[in-house]
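J.: Kindly return the folded structure for what I paste below:
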Amino acid sequence: MSTILSPLSSMATIPLTILGSPSSTPHNQTYCPTHDEALRVPQAVFYSLLFLVGLAANLLALWVFLFLRRRWDSMHILLVNSAVSDLLLLAILPFRVYYHANGDVWRLGAAACRLVTNVFYMNMYVNIAMLGLIGLDRYAWLSRRGGGGARCAPVRNPCGVPWTWVICGLVWGLALAMMVYGEANRPQDLEDRKCFQYNRWDSFGCIASINVALEVMFWVVFIMQVVSYGKIATSRYGRTARKSFFVLLLFTVCFVPYHVFRPIYIRSQFNPSAYDLCRIQQTHQVMVLVSAFNACLDPVMYFLLSGLMRKAAARALCTHSCRIRDALGALGTHSCGIRGGE
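T.: From the prediction side, this is the model:
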């Protein structure tokens, strides 16, 4: 399901690469300077904040998962893969900041534009896949736990670990394959000075069809999420249900607006006369920015789903507060012990 990637470029920040099959060649890039001027500074500021906050939070989460975890289970494997995809997406944001701060002028060449755009969307959809798998994992674990007698509960028992690695490997492999395929079918007559901008296409080619299929796949995953978390909410594990609900909330807030708008965006690329293209471009840029917030909100999900993450955060907070008090000349020694338990 995470093939939902690079091809999407064509609908997302318009990775000038991915709708570029011979049957769908770009036609006169449409550029709206008035709207772009209004969004240029806010985008540069928000992407900068997302990069700084998201980088610190995801690096902390990855450090906790890799170096403090003694036993691996399927949930933590999925969380690690989610954190890695977030960090790769965040690594692209400085390029977007550079582009918007530079007056929406791209000076790094068309190849660099294609690379950063494809990596951005690849990791966006890898993360969507991981969130979907996390939802299924939580539901499967609670179902087996409630039924009793299960030999291998997928979340707490290491029996599911090998299969979880295999599934994550397939997700990443499929994502990379789609990115390479999009690059191999890119159009050659792209403008070097623009990136993350709207493109028009002359015909509905095979890659455009894949993009539509991926849109359908997103909604299938979303429905699966709603069903899974709905069943969790009606279970007898109320505390787990409340924590799990945040994953569905995160998925809905960050990704649903983008995918609600995408069908309109795709249609406008093939029938531009029926749409206000400047408004389409402006709305699209806002939707992409909203989807990028996911990289900052995921660490909150890690905190809720991982007892190890909560203990590490509490320990770090206590240690920091002790150092501040010591620096201020506080009397006595402050104990920073953290109670165990997940």
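J.: going forward, measure contacts and count neighbours with C-alpha atoms only.
T.: Fine.
J.: Where do the domain boundaries of the protein fall?
T.: Residue ranges for the domains of the chain, per automatic domain parsing: 6-305, 308-342.
J.: And the ones you listed, which one averages the lowest pLDDT?
T.: Mean pLDDT values for the domains of the chain show the minimum at domain 308-342, a mean of 57.
J.: So Lys194: helix, strand or coil?
T.: coil (DSSP: H, G, I helix; E, B strand; the rest coil).
J.: Show me what whichever strand or helix holds Cys254 is packed against.
T.: Element membership for Cys254, per DSSP states H and E: helix 238-270. Packed against helix 238-270 by the contact rule (3 or more CA pairs under 8 Å, 6 or more residues apart in numbering; DSSP states H and E) you find helix 110-147, helix 206-233, helix 277-292, helix 294-305.
J.: can you do 6 Å?
T.: Packed against helix 238-270, as judged by 3 or more CA pairs under 6 Å, 6 or more residues apart in numbering; DSSP states H and E, are the following elements: helix 277-292.
J.: Check which helices and strands the helix it packs on sits against.
T.: helix 238-270.
J.: Same question for the helix it packs on: list its buried residues.
T.: 240-241, 244-248, 250-252, 254-259, 262, 265-266, 268-270 (16 or more other CA atoms under 10 Å).
J.: Measure how far the direction of that helix deviates from that of helix 110-147, in degrees.
T.: 150 degrees (axes from the mean of the first three to the mean of the last three CA atoms, to 10 degrees).
J.: Report the angle between helix 238-270 and helix 294-305.
T.: Computed by the same axes, to 10 degrees, the angle between helix 238-270 and helix 294-305 is 160 degrees.
J.: Just the angle for helix 238-270 relative to helix 206-233, thanks.
T.: 160 degrees.
J.: Helix 238-270 vs helix 277-292, what angle?
T.: 150 degrees.
J.: residue ranges of the helices in the stretch 51-200 of the chain, please?
T.: Here the stretch 51-200 of the chain has its helices, by DSSP state H, counting those that start in this stretch, at 74-90, 93-101, 110-147, 161-184.
J.: TSV for these, including distance to Ala292 and mean neighbour count?
T.: What follows is the helices of the stretch 51-200 of the chain, written out as TSV (distance: least, CA to CA, whole Å; neighbours: other CA atoms under 10 Å):
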stretch	distance to Ala292	mean neighbour count
helix 74-90	8	23
helix 93-101	9	20
helix 110-147	8	22
helix 161-184	18	18
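J.: and Arg279, which of those is closest to it?
T.: helix 93-101 (18.1 Å; CA to CA).
J.: Contacts for the closest one next, please.
T.: Here helix 93-101 makes contact (CA atoms under 6 Å, 6 or more residues apart in numbering) with 40, 44, 105-106.
J.: give me that answer again for 8 Å
T.: Identification of contacts with helix 93-101 by CA atoms under 8 Å, 6 or more residues apart in numbering yields 40-41, 43-45, 47-48, 51, 105-106, 116, 195.
J.: quick one: which of those residues has the most company?
T.: Most neighbours among those, by other CA atoms under 10 Å: Cys195, with 27 neighbours.
J.: quick one: that one from Phe261, how far?
T.: Distance check for Cys195 against Phe261: by CA to CA, to the nearest Å, it reads 20 Å.
J.: what does Ser143 give?
T.: 35 Å.
J.: Check Val286 too.
T.: Separation of Val286 from Phe261 (CA to CA) stands at 11 Å.
J.: Repeat that for Ala44.
T.: When distance is defined by CA to CA, Ala44 is 22 Å away from Phe261.
J.: got it, and Ser228?
T.: Noted for Ser228: a distance of 25 Å to Phe261, by CA to CA.
J.: Likewise for Leu87?
T.: As judged by CA to CA, Leu87 and Phe261 stand 26 Å apart.
J.: Sort out which one of the contacts of helix 93-101 lies nearest Val171 for me.
T.: Val116 (19.4 Å).
J.: So the closest one sits against Ile92, correct?
T.: Yes. Counting by CA atoms under 8 Å, Val116 touches Ile92, with 6.0 Å between them.
J.: just to revisit the earlier point, looking at the contacts of helix 93-101, spot the one nearest Asp276.
T.: Closest to Asp276, out of all of the contacts of helix 93-101 and judged by CA to CA, is Arg40, at 19.5 Å.
J.: Would you mind listing the buried residues in the helix or strand hosting that closest one?
T.: For Arg40, the element it lies in under DSSP H and E is helix 33-67. Buried positions in helix 33-67, judged by neighbour count with 16+ other CA under 10 Å: 36, 40, 43-44, 46-48, 50-51, 54-55, 57-62, 64-65.
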